[in-house]
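Peer 1: Sequence and predicted model, in that order:
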Amino acid sequence: MYKVQISPLAKEDLMKIKVYLEEEIGVKIASEKIKQLLISIRRFEAFPLMGRPLLNVIDIPTDYMYLVVEKNYVFYRLEQETVKIIRIIDTRQNYIDILFGE
């Protein structure tokens, strides 16, 4: 079984998503959506390869993988027995600029 580690930037992303959802749909529903997102992330413990290699969709060399959860991309990489969550980015954002600054 793999261990899931959430990076500080991904934690910030989660907080931003939570604040946005609270403003848009209310605290109770926002809390449930964040809970469901975290449940999806925890599935990496048993299924670390459930995402797809990002290299399949961009022309930038990277070992990142991604999974779409609701309206968010969850970007991660495998590091030995750990799934490291790098960023959680809204699908409407330019994830290439956010991840690689290009």
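Peer 2: Arrived safely, thanks for sending. Model, not experiment: these values are computed from the prediction.
Peer 1: Which helix or which strand is home to Met50?
Peer 2: Met50 belongs to no helix or strand when assigned by DSSP states H and E.
Peer 1: If you count neighbours, what's buried in the helix ranked longest in the chain?
Peer 2: Identified as the longest helix of the chain according to DSSP state H is helix 8-25. Using 16 or more other CB atoms under 10 Å as the test for burial, helix 8-25 gives Ala10, Asp13, Leu14, Ile17, Lys18, Leu21, Glu22. (Glycine included, C-beta is placed from N, CA and C.)
Peer 1: Distance check, the residue most central in space within the chain against Val27.
Peer 2: Residue closest to the mean C-alpha point of the chain, counted by CA atoms, centre = their mean, is Val74 at 2.0 Å. Distance of Val74 to Val27, given as CB to CB, to the nearest Å: 23 Å.
Peer 1: Ok, Tyr76 next?
Peer 2: 28 Å.
Peer 1: More neighbours: those two, which one.
Peer 2: Neighbour totals were compared for Tyr76 and Val27, and Tyr76 leads with 28 against 11 (other CB atoms under 10 Å).
Peer 1: Beta-bridge partners for the more buried one, please?
Peer 2: Per DSSP bridges, the residues bridged to Tyr76 are Met65, Ile85.
Peer 1: wait, what's in contact with it?
Peer 2: Phe44, Gly51, Tyr64, Met65, Tyr66, Leu67, Val83, Lys84, Ile85, Ile86 (CB atoms under 8 Å, 6 or more residues apart in numbering).
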